[in-house]
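K.L.:
A predicted structure for the sequence below; I have some questions about it.
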Amino acid sequence: MIAQVLRLHETTIVRHIDDYVHKEKLQPANGGSQSYLTGEQTNKVIAHLMHQTYRCSYEIIECIWKLHDVRFSIAGFNKWLHHHGFSYKYPKGIPHKFNEVK
C-alpha cells in the first residue's frame, strides 16, 4: 500500500524499511564532506555578503574565486548559502508607467 501511495516500486520501499530497521544508513554521523573554505574564509565571505548585495549566485562565486581561489558550482553554492542562513528573494517589479501622472 505504501508503494502504491508513493508511486514507488515495492522493492524500493522494502529497502528503505530494512535500512530503517537495521539503522545502517540513517546515522547522523555519516561523515559528510569537507568545506571548500576554511573557517576564516567562511567568516570573511559572510561578513562581505552582509555588506554587499549581489543579484545572482554566480557573481558571488566569481568574487570568492578571485579572493580565495576556491571554485563552487552554482547549486553547491546555493546549498552553502542556505546552510549559513542566507536566503534570496526575487525583486518586485515596478509598472512601466509608474511615475507618469495623467
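P.N.:
Structure received.

K.L.:
which residues of this protein score low on pLDDT?
P.N.:
24-32, 90-91, 95-102 (pLDDT under 70).

K.L.:
Residues contacting stretch 62-71, please?
P.N.:
With CB atoms under 8 Å, 6 or more residues apart in numbering as the test, stretch 62-71 has contacts from Tyr36, Leu37, Gln41, Lys44, Val45, His48, Tyr54, Ile61, Phe72, Phe77. Where C-beta positions appear, they are placed from N, C-alpha and C, glycine not excepted.

K.L.:
of those residues, buried ones?
P.N.:
Leu37, Gln41, Val45, Ile61, Phe72, Phe77 (16 or more other CB atoms under 10 Å).

K.L.:
so which of these comes closest to Ala3?
P.N.:
Nearest to Ala3 among the buried ones among the contacts of stretch 62-71 is Phe77, at 36.2 Å by CB to CB.

K.L.:
State the helix or strand in which that closest one lies.
P.N.:
For Phe77, the enclosing helix or strand under DSSP states H and E is helix 74-83.

K.L.:
Appreciated, that's everything.
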